[in-house]
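>>> Fold the following.
(one chain, ligands or ions: 1)
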Amino acid sequence: MNKYKNISRRKSDRIYVGTVPIGNNAPISVQSMTNTRTTNSFQTIQQILELQKFGADIVRVSIPNLEAAESFKVIKKKVRVPLIADIHFDYRLALKAVKYGADCLRINPGNIGNKKRISEIIKCVKDKNIPIRIGVNAGSLEKDILKKYSIPTPEALVESAMRHIEYFDALNFNQFKVSVKASNVFLAVEAYRMLGKKVTQPLHIGITEAGSLRNGTVKSSIGIALLLLEGIGDTLRISLAADPVEEVKIGYDILQVLGIRSRGVNFIACPTCSRQEFDVIKTVNQLEQKLEDVSTPIDVSIIGCIVNGIGEAKIATLGLTGGCKKSAIYEDGVRQKNKLNNEKIIEQMEIKIREKIKKINE
Ligand code: SF4
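Numbers count the residues shown, from 1 in each chain. Next up, the predicted model:
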């Protein structure tokens, strides 16, 4: 997929979250998390279905109390995508979530309390054959670790992760993945590099609390790309203060750009200038919206004039090159006889793209 960079992936063990494989060369899965009140099962189900529609492989749901656990039971029955129950502090919530069908737990053994409670959780997940994610976060490091290092450092994050991992080792449990997230890109990247050398479990990567849609996308893209290019990372989540659907779309965009995994339409479009023969910006934005339902990978170039239009069209699956009144269309690099009318370019191009997708899937 990536002709220019050969990524050699870090060797990791395989776990399964529901039917989704993670680690040991499995496709890098894209996750997100609901931000509705879990107690509002209707809204949460709607959001999960939306995330499912945009290709989320796995969805995480937080379970802060018993009422949320009861709601999780209802939610789980209504959705197809595997669900991770996110639990802190109260081990009884973890036991409930497993009973109600969670496909994975996200817990930090260190904040569950005594070892008896942790071993109860492990016994329960072993019975159901489901994994756990240890999710270390620079914002919630243990007090003694923070005291030792003064500030969150890569070493501090890794020490926290190793402490949690030791709990599991002592109980002979290895069905888990680990994350060491921070909102600082280089702190997170360095922590993942260090952890990746110490353990064989799959790594869930991401830049936590990355920020708004724009700023958070940039931070996440840089951090995640640095790691993926080094072969580190088996599943990812983009953490944005935004609609979680955006997290899924951006997750796929990052994988697509790196040539790791493709989904949907990859638009190539020029920034436009006074040479453009049709409104490129409007066209590409409207097409992107109209074609959000497409999951088949396809490269489409939308270029305003012949300066770069022909070159791009020749290497895209479908290419549009602006011309006076009518624009040329290329399919698999070959110029087609019929041109598109610039006045109706969006509607006509949508039809062309859908027809091509149908052909690809035949
Ligand atoms: Fe301008 Fe043509 Fe370049 Fe687009 S491809 S930016 S319209 S010169």
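
>>> And for Ala242, the neighbour number?
By other CB atoms under 10 Å, the residues close to Ala242 number 18. To be clear about C-beta, it is placed using only N, CA and C from the backbone, and glycine gets the same treatment.

>>> which ones are touching the closest residue to it other than its chain neighbours?
Among residues not flanking Ala242 along the chain, Leu213 sits closest, at 4.3 Å (CB to CB, 6 or more residues apart in numbering). Contacts for Leu213 (CB atoms under 8 Å, 6 or more residues apart in numbering) come out as 240-242, 246.

>>> Same check on Tyr149?
155-156, 159.

>>> repeat that with 7 Å
Tyr149 is in contact with 155-156, counting by CB atoms under 7 Å, 6 or more residues apart in numbering.

>>> do the one 10 residues further on as well
Going by CB under 7 Å, 6+ apart, Glu159 touches Ile145.

>>> What strand or helix carries Glu166?
If you go by DSSP states H and E, Glu166 is part of helix 154-170.

>>> Pull out the buried residues from that helix.
For helix 154-170, a neighbour-count test (16 or more other CB atoms under 10 Å) marks 154, 156-165, 167-168 as buried.

>>> Distance to the ligand and pLDDT for those - can I get that in TSV?
Formatted as TSV, the buried residues of helix 154-170 follow (distance: CB to the nearest ligand atom, whole Å; pLDDT from 0 to 100):
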residue	distance to the ligand	pLDDT
Pro154	42	97
Ala156	48	96
Leu157	44	96
Val158	47	97
Glu159	51	96
Ser160	49	94
Ala161	47	95
Met162	52	96
Arg163	54	93
His164	52	91
Ile165	52	94
Tyr167	57	89
Phe168	55	92
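
>>> Could you look up the SS state of Phe89?
coil (DSSP: H, G, I helix; E, B strand; the rest coil).

>>> which parts of the protein sit against the ligand?
Within the chain, the positions near the ligand by CB under 6 Å from any ligand atom are 270-273, 275-276, 303-305, 307-309.

>>> Show me how the record splits this protein into domains.
15-257, 265-361 (automatic domain parsing).

>>> Just name the most buried of these.
Mean neighbours per residue, mean count of other CB atoms under 10 Å, is largest over the domains of the chain for domain 15-257, with a mean of 20.

>>> End to end on it, go ahead and measure it.
End-to-end span of domain 15-257 (CA to CA, to the nearest Å): 26 Å.

>>> chain center to that domain, what's the gap?
Distance of domain 15-257 from the chain centroid (CA atoms, centre = their mean, to the nearest Å) equals 11 Å.

>>> Could you pull out the strands in the stretch 151-300 of the chain for me?
176-181, 204-205, 235-237, 265-269, 298-303 (DSSP state E, counting those that start in this stretch).

>>> Adding mean pLDDT, write those out as CSV.
Shown next, in CSV, are these (pLDDT from 0 to 100):
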stretch, mean pLDDT
strand 176-181, 97
strand 204-205, 98
strand 235-237, 98
strand 265-269, 97
strand 298-303, 98
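
>>> Ok, which of the ones you listed comes nearest Asn40?
strand 235-237 (22.0 Å; CB to CB).

>>> The closest one pairs with which strands, and in what direction?
Strand 235-237 has the following sheet partners, assigned by DSSP bridges: strand 29-33 (parallel), strand 204-205 (parallel).

>>> What residue in the stretch 51-200 of the chain comes nearest to the ligand?
Going by CB to the nearest ligand atom, the ligand is nearest to Phe54 of the stretch 51-200 of the chain, at 29.4 Å.

>>> Touching, that residue and Val248? I think so.
Yes - counting by CB atoms under 7 Å, Phe54 touches Val248, with 4.6 Å between them.

>>> so where's the protein shaky on pLDDT?
1 (pLDDT under 70).

>>> quick one, helices of the stretch 51-200 of the chain?
Along the stretch 51-200 of the chain, counting by DSSP state H, counting those that start in this stretch, helices occupy 66-78, 91-99, 115-128, 143-149, 154-170, 185-198.

>>> And for the first one, what's in contact with it?
Right, helix 66-78. Identification of contacts with helix 66-78 by CB under 7 Å, 6+ apart yields 38-39, 41, 44-45, 48, 61, 63, 83, 85, 93, 96-97, 100-101.

>>> Compute the inter-axis angle for that helix and helix 91-99.
Comparing the axes of helix 66-78 and helix 91-99 via axes from the mean of the first three to the mean of the last three CA atoms, to 10 degrees yields an angle of 10 degrees.
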